[in-house]
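*Asks:* Make a model of this:
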Amino acid sequence: MAENPPGRRQYTAIYAGASAGARLLYRNVDAESCTKEVSLLVEEILLRPNALTPSRISDLYLLALAAANSARLATFDTRIPAEAVAGGTAAIEIIRVL
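*Replies:* Modelled structure (predicted):
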């Protein structure tokens, strides 16, 4: 068996810990898969095309997906322009950090 490169074991341990934490969180959250698909290229979904920047593509897609599936996107990011997506304001939940 080949020896791991320097730092590999530490990375593996951190990943394993994060994975265990994610499993614990998933067990304690009532989560479901989103079945409806969305496209940010549809004008009825993306209300403000100028908000679609490289740094916001993922955020706006996940928000549009949540809105289309009557779900909520929980995030720490207060800078997501929720009004740029149809139903986005109702579909976003900002997690406040004290």
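*Asks:* Can you show me the strands along the chain?
*Replies:* 73-75, 92-94 (DSSP state E).
*Asks:* I'd like to know which of the ones you listed is closest to Arg48.
*Replies:* strand 92-94 (14.5 Å; C-beta to C-beta). Any C-beta I mention is one placed from the backbone N, CA and C, and that applies to glycine too.
*Asks:* partners of that closest one, with directions?
*Replies:* strand 73-75 (parallel) (DSSP bridges).
*Asks:* quick one: average confidence on the partner strand?
*Replies:* Mean per-residue pLDDT for strand 73-75: 91.
*Asks:* And the strands of the chain: which comes nearest Ser55?
*Replies:* strand 73-75 (13.9 Å).
*Asks:* Can you mark which positions in the closest one are buried?
*Replies:* By neighbour count, and taking 16 or more other C-beta atoms under 10 Å as the criterion, the buried residues in strand 73-75 are 73, 75.
*Asks:* again with stretch 34-42
*Replies:* 38, 40.
*Asks:* and it, what's its mean pLDDT?
*Replies:* Stretch 34-42 comes out at a mean pLDDT of 90.
*Asks:* now swap in stretch 81-95 and tell me
*Replies:* Stretch 81-95 comes out at a mean pLDDT of 95.
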